[in-house]
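**Student:** build the 3D model from these lines:
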Amino acid sequence: MPYIKQEKRERLDKEISMLTGAMKGEPGELSYVITKLLQAWYPVSYEGLSQIVGVLELTKQEFIRRVVEPYEDDKIKQNGDAF
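**Tutor:** A predicted model of the protein is given here:
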């Protein structure tokens, strides 16, 4: 889960801002950065790969819950439900 203490967020947010400023917003760049971070943290082993998949899956689910679903709900209110 992305919920870490505020002090850590502030330190990491500065680094993230520098990194995103160097990127051009291309999906390939984001994929590259994510891949390099995961390779740096987790060994290529069953346990390491399992942890990577878990981190990615839980991050995806939380992103859907917190960002995608509210966006879709707003669009339903704006445009009407398709179902």
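
**Student:** next one: the residue minimising distance to the centre of the chain from residue 83, what distance?
**Tutor:** With distances taken as CA atoms, centre = their mean, the residue of the chain nearest its centroid is residue 59 (5.7 Å). Look at residue 59 and residue 83: by CB to CB, to the nearest Å, they are 28 Å apart. Where you see a C-beta, it was placed from the backbone N, CA and C, and this is true even at glycine.

**Student:** I would like the residues contacting stretch 19-28, please.
**Tutor:** 29-30, 33 (CB atoms under 8 Å, 6 or more residues apart in numbering).

**Student:** flag the shaky bits of the chain, pLDDT-wise.
**Tutor:** Scanning the chain for pLDDT under 70 picks out the ranges 1.

**Student:** can you list the domains in it?
**Tutor:** For the chain, automatic domain parsing gives the domain ranges 1-41, 43-83.

**Student:** after whatever helix or strand residue 36 lives in comes which helix or strand?
**Tutor:** Per DSSP states H and E, residue 36 falls inside helix 27-41. As assigned by DSSP H and E, the chain's next helix or strand after helix 27-41 is helix 46-63.
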